[in-house]
Every structure is written in C-alpha cells, then in structure tokens.
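> Model the following, please.
(one chain, ligands or ions: 1)
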Amino acid sequence: MATNKNNDAAQDAAKKALAAVQAKKAAEKKKVEHTITHVGQESTSAEELLAITKKNATPYRIGAVVLWLLAIGFEVLAILFFKCVIQFSFTMEKPGWYAAWIICLVLDLICVVIGSLLWKKGNHLDPKSAKNKLTFWLHNNLGLVMAALAFFPFIIVVLTDKNAQKQSKIVAVAAAVVALIIAGLTGYDWNPISQEELLESAGVGDHVYWTESGTVYHAFEDCSHLNHSKELFEGTSTTAIEQGKTRICKTCEQRAEKEAAKADTVVTEVEQTPVE
Ligand SMILES: [Zn+2]
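The predicted model follows:
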C-alpha cells in the first residue's frame, strides 16, 4: 500500500514537471511565433527616399494647418462673444455669456492640440535638415507658436476690455492661460528628429522588423516589444522609413550597441594574442 502511494506521488510529481516543461516550451514558442511579410524597397537614392517621406507626411501637415485655422476661428468667436459683438438671446444672460466664450476657448484648445500632434507626426515622418538651427527649431515647434497665436490675442483683448467686469476678466484670463500652457506643452517637440539622422539610419540595417501600427522599427525579431505582435514586416531600414517607421526602437538600439561592443572586445583580444 505504502509503495503504491509513493508511486502515485512520484507519478504526480513527474506529471507536474512535464506539464511545467511543456507550458514553458509553449510560452517560448508563442513568444517567437510571428508571421513575417517581406516588403521590398521603393527608393534607391536619398532624393527618392525624401520624396516618399514627404508624400507620407503631407496629409498630416494639411490636417494640422486646417485645424490650426479652425482654432484661430474659434478664438475670434471667443473674442466676439466676450466683447458682446455677437449677441444671441442666450448670450445676453450671464451663464449663457460665460458658456459662449468658454466653449469657444475649449474648441480652440482641442483644435490647436490635435493640429500640433498631427504636425509633429508629419515632422517625424519627413524631418527637416538641422543645418540651420533656427529654422529647424521653428519648424519642429510650430505648434508652440500656434499655441501662442491661439490664446495671446484673446488674453490681450480681455485685459484691455474696459466694459467687462473684473470677475469675468479674471476667469477669462485664467482659462486662456491654462489652455495656453496645455497647448504649448503639446506643441513643443520633446524628441525631434533631423533629416540628417533619418538619412544616416537609412540603409544601415539589411533586415529590420516593424508592425503595422508601430512608429519604430526593430533590429531584432525577438525584441520584447514585438512579443504581442503576431504580424511582422521585414525589410531594409530604408524600407522601414518608407513605411513611416522613422526611428530604431530604443531597446534594440541599446542591444545592438552592446553586441557591437562585445564583438569589438573579442576582435581586440584576438589581435592582442601573440601569434607564434
Ligand atoms: Zn525593438
């Protein structure tokens, strides 16, 4: 009886161990199981590549300009409501008057912010040259300039308004300053990319990987950021850029640097070994 029990326990343990090994194998298999589609390169020269990136960025830039114009339109409306130039029956009453220009300011903010995000996306797809630092900065941070244009005139109009009540002026200036700060922070490009950097990274990798929705490309198929992506695309880094993946993934970049450093030390060790 006792031996039977021991046998059962041993069998149970063996079963559990086997299940654990199988689960581990399945997890590993799951990790690296990608369907990879090869994508061919369209451009061969830097000019061709830049023509493609420009084309990729154009819809985003048009969207940004349209939204920024809308934002200025809402600002003008906010000013007209605040100054009571436009008057509807509801804007004559106090809550209605507040609501009219505050809603316009909120719409102004929404348009500026979305416009700036589209503008930055366009700049990452089709970066400007960093040779002229001033134009590079201005181009990347046009959203910051637009944020100022979308709220400063309103603030000045409110501050110089002699008819409005002090309380309304305080509310209006506070609201516009908060909106200006939010719009400014989203308009600024914290991580700009230059045309020189883009061209430098083009053609560096023969086999890089990217996903449909991602914004970067990966040097390693088993990069941890690709664990949850079933469908991968593979091609040269130039192709990845053509597909709108303009940067290498940070994790892959660090890993590539580490591996290059390791390879270097091996080479120097071999070189230093005296040959007899
Ligand atoms: Zn990666």
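> And the helices in this protein?
2-32, 46-82, 89-92, 94-125, 133-140, 142-159, 166-187, 195-201, 237-242, 250-272 (DSSP state H).
> Restrict stretch 84-94 to CA atoms and write it as CSV.
Taking Å, rounded to 0.1, in the frame of the first residue of the first chain, the C-alpha atoms of stretch 84-94 are listed here in CSV:
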residue,chain,number,x,y,z
CYS,A,84,-20.7,91.0,-26.8
VAL,A,85,-20.2,91.8,-30.5
ILE,A,86,-22.2,88.7,-31.4
GLN,A,87,-25.3,88.5,-29.3
PHE,A,88,-27.9,85.8,-29.1
SER,A,89,-30.7,85.9,-26.6
PHE,A,90,-28.9,83.2,-24.5
THR,A,91,-25.6,85.1,-24.6
MET,A,92,-27.2,88.1,-23.1
GLU,A,93,-27.8,86.3,-19.8
LYS,A,94,-24.9,85.7,-17.5
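> Give me the distance from it to the chain's centre.
Using C-alpha atoms, centre = their mean, to the nearest Å, the mean C-alpha position of stretch 84-94 is found 41 Å from that of the whole chain.
> Just put the helices of the chain in CSV and tack on mean pLDDT and mean neighbour count.
Yep, even glycine has a C-beta here, placed from its N, CA and C like the rest. Shown next, in CSV, are the helices of the chain (pLDDT from 0 to 100; neighbours: other C-beta atoms under 10 Å):
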stretch, mean pLDDT, mean neighbour count
helix 2-32, 67, 10
helix 46-82, 97, 18
helix 89-92, 80, 12
helix 94-125, 95, 20
helix 133-140, 96, 14
helix 142-159, 97, 20
helix 166-187, 96, 17
helix 195-201, 92, 16
helix 237-242, 94, 25
helix 250-272, 81, 11
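> Provide a list of residues in contact with the residue lying closest to V85 once chain neighbours are set aside.
The shortest distance from V85 to any residue other than its chain neighbours is 7.9 Å, reached at I79 (C-beta to C-beta, 6 or more residues apart in numbering). Counting by C-beta atoms under 8 Å, 6 or more residues apart in numbering, I79 touches V85, W101, P153, F154, V157.
> For the residues you listed, which two are the farthest from each other?
Farthest-apart pair in the contacts of I79 is V85 and P153; separation 14.3 Å (C-beta to C-beta).
> Domain-wise, how is this protein divided?
46-196, 202-276 (automatic domain parsing).
> Can you say which of those domains is nearest to the ion?
domain 202-276 (3.1 Å; C-beta to the ion).
> For this protein, what lies in contact range of the ion?
With C-beta under 5 Å from the ion as the criterion, the chain meets the ion at residues H218, C223, H225, C249, T251, C252.
> Adding distance to K262, write those out as a markdown table.
Formatted as a markdown table, the residues of the chain next to the ion follow (distance: C-beta to C-beta, whole Å):
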| residue | distance to K262 |
| --- | --- |
| H218 | 19 |
| C223 | 18 |
| H225 | 22 |
| C249 | 19 |
| T251 | 17 |
| C252 | 15 |
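> Name the nearest residue to whatever residue of the stretch 1-150 of the chain ends up closest to the ion, ignoring sequence neighbours.
Proximity of the stretch 1-150 of the chain to the ion (C-beta to the ion) peaks at H34, 12.9 Å away. Among residues not flanking H34 along the chain, L232 sits closest, at 4.5 Å (C-beta to C-beta, 6+ apart).
> Give me the pLDDT for the one you found.
According to the prediction, L232 has pLDDT 94.
> Make sure it is actually in contact with T35.
Yes: using C-beta atoms under 8 Å, L232 is in contact with T35, at 7.1 Å.
> So for those two, which sits in the more crowded spot?
L232 (17 against 9; other C-beta atoms under 10 Å).
> For that one, give its distance to S201.
Applying C-beta to C-beta, to the nearest Å, the value for L232 to S201 is 19 Å.
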